[in-house]
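**Q** this one's structure only:
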């Protein structure tokens, strides 16, 4: 009986851990500030793999010299990027090594530096940053429509950023309209 | 079926063996009776095999059904399938495991492993459903910890083996993809697997733990080869000392009843680790001497050993000395053959050489001397390993000695002749060395092993 109870305890623990994964993500989506990000094409050979789309963002490549805040970031460093709403998309304003207090009209999103390098043309210190929103799973066969949008289509991503800087994709927008919108169920 | 074939053959051959005088006539009937009763017990295997196959087939069918309809399913339905599958596997496994019959135990173990696999699948699939992209090695760690929890509460050795393999994968991803090396967190997780493994006497899990520890060391060496090659001159000797400590722990543990099941595994892990460390130490480039095959052939010896490495090496040397003294005391009064004395001399030489390595001035001739010392110690140690293995009747030691001897010769050949010989002659020479040297070594190995019992575990050394 004691052994069975111990096993039940472990199964409950594992189930709780799995539910926590969902809960944390939903907390980000439910409580975060909604921002809209511009997508940019990335290496076409790896844009679409299997049934998920790889997304590149304008804020995924940052010019360290042109932005306020800290500098001297290295590969695999944690980075906080303060974003402010632009005309259409949210734009980077400053870079930080520690979580900053986000300005009232902005958000601080957390990422990690994938590469830090000197840009071959501009010679600027450039950072390639990942925010954990670079992959999006879509139903089988629908990825190609996102990978190769029609001429009159613009694809952008609505992202929710919570108070800790975690980001989660809330919706995939085509011409500003939600094509895929995340829901709990 | 195989038992029937075996029994028929035994019935046919036993009279011949009796006629040759290999089997006493009065034992013939007893042997046959024992073989027939054992064969009767084996019949129970069939339902178990069919049961496991049935579970796997059913599982494959269910997975294929949901895979085909996955995209069309609502999230709630997907979650119901994922959680329901895992809960069902745990429930049936637990029900079977806690019933006393042997047959159900085996099926229960298979289902418990399936449940742990489903837990891992759930991590990945929930991450997919909710687009969760965390630091991906954490998913593997998460899975390994799930297996660890099960290993604590259920007597299922394959779950511990799977958990340790996942822990090794986790450290491989952290060190390889995220340059986290040394990845100390692995050692903490690894250590958490030891208690259930020891109190349940799981030998296969102990082997998996040993393999995972060796893998961690190899990853450490591999990642530092690129990131901090100058520190390899201090890292690898420290690894060699740690491996010697394991060997000494293993042979000492053979004297204690509770640790006997693991003593051989600990000793062998230490011997393999030591052999691997010495394969690196005979490379001139590890010592910053350049060399032909690694690290680009540049002189890159630090002017002075970092203080941290001096402390680490001295502590490791002290631990080895203490363990050796303990072992020496254990053997007090017992007859110590030449191999025993030789072992202590080699140990002393290794400790002295690793300490000298810390303080050697950054002059090529001095570093060459240290490298030469390690080279000589390697071959002396391998000869000791083979001799001691023969003395103890330990086939593993003899085979390991021959294997590392052959690999050492190849490394020395590469290092010595790569730049001295024309490439075509180099490869022709290498080929001849492999063919002729391999033949001679194998002949010698077989000749030496002839006198050892094939199942020889050996006596405590």
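**A** Thanks, I have it. All values reported here derive from a predicted model rather than from experimental measurement.
**Q** what's the nearest residue to the spatially most central residue of chain B if we skip its chain neighbours?
**A** A centroid search over chain B (C-alpha atoms, centre = their mean) returns residue B:211, at 2.9 Å, as the residue closest to the centre. Counting by C-beta to C-beta, 6 or more residues apart in numbering or on different chains, residue B:211 lies nearest to residue B:168, which is 7.4 Å off, once chain neighbours are set aside. All C-beta spots, glycine's among them, are computed from the backbone N, C-alpha and C.
**Q** quick revisit: tell me which helix or strand the residue nearest to the centre of chain B sits in.
**A** Here residue B:211 sits within helix B:203-227, counting by DSSP states H and E.
**Q** Just checking, which helix or strand succeeds that helix along the chain?
**A** Using DSSP H and E, the helix or strand that follows helix B:203-227 in sequence is helix B:232-253.
**Q** Show me which parts of whichever strand in chain A runs longest are buried, residue by residue.
**A** Determined from DSSP state E, the single longest strand within chain A is strand A:106-118. For strand A:106-118, burial by neighbour count (16 or more other C-beta atoms under 10 Å in any protein chain shown) applies to A:106, A:107, A:108, A:109, A:110, A:111, A:112, A:113, A:116.
**Q** quick one: which of the residues you listed is nearest to chain B?
**A** residue A:112 (8.0 Å; C-beta to the nearest C-beta).
**Q** and that closest one, what are its bridge partners?
**A** On the basis of DSSP bridges, residue A:112 is bridged to residue A:78, residue A:130.
**Q** Tell me which residues touch it, please.
**A** Contact analysis of residue A:112 by C-beta atoms under 8 Å, 6 or more residues apart in numbering or on different chains lists A:76, A:77, A:78, A:79, A:129, A:130.
**Q** Around whichever residue of the stretch 251-400 of chain B sits closest to chain A, how many other residues sit close by?
**A** Nearest to chain A, among the residues of the stretch 251-400 of chain B, is residue B:306, at 21.0 Å (C-beta to the nearest C-beta). Here the neighbour count serves as a burial measure; for residue B:306 (other C-beta atoms under 10 Å in any protein chain shown) it reads 13.
**Q** Pretty sure it sits against residue B:234.
**A** Yes. If you go by C-beta atoms under 8 Å, residue B:306 and residue B:234 touch, sitting 7.2 Å apart.
**Q** surely residue B:154 meets residue A:7?
**A** Yes. With contact defined as C-beta under 8 Å, residue B:154 reaches residue A:7; the gap is 5.9 Å.
**Q** shared neighbours of these two, anything?
**A** Between them, residue B:154 and residue A:7 have residue B:94 as joint contacts when contacts are counted by C-beta under 8 Å, 6+ apart.
**Q** and the two? which has more neighbours close in?
**A** In this comparison of residue B:154 against residue A:7, neighbours counted by other C-beta under 10 Å, the higher total goes to residue B:154 at 26 against 23.
**Q** Quick check: that one vs chain A, distance?
**A** For residue B:154, the distance to chain A under the criterion C-beta to the nearest C-beta, to the nearest Å works out to 6 Å.
**Q** Then residue B:107?
**A** Residue B:107 sits at a distance of 16 Å from chain A (criterion: C-beta to the nearest C-beta).
**Q** and the helix or strand that contains that residue, what does it pack onto?
**A** In this structure, residue B:107 is located in helix B:102-129 according to DSSP H and E. For helix B:102-129, the helices and strands in contact under the criterion 3 or more C-beta pairs under 8 Å, 6 or more residues apart in numbering or on different chains; DSSP states H and E are helix A:2-31, helix B:45-69, helix B:75-97, helix B:137-153, helix B:157-178.
**Q** Among those, show the one with the smallest mean pLDDT.
**A** Per-segment mean pLDDT for the helices and strands packed on helix B:102-129 reaches its minimum on helix B:45-69, at a mean of 68.
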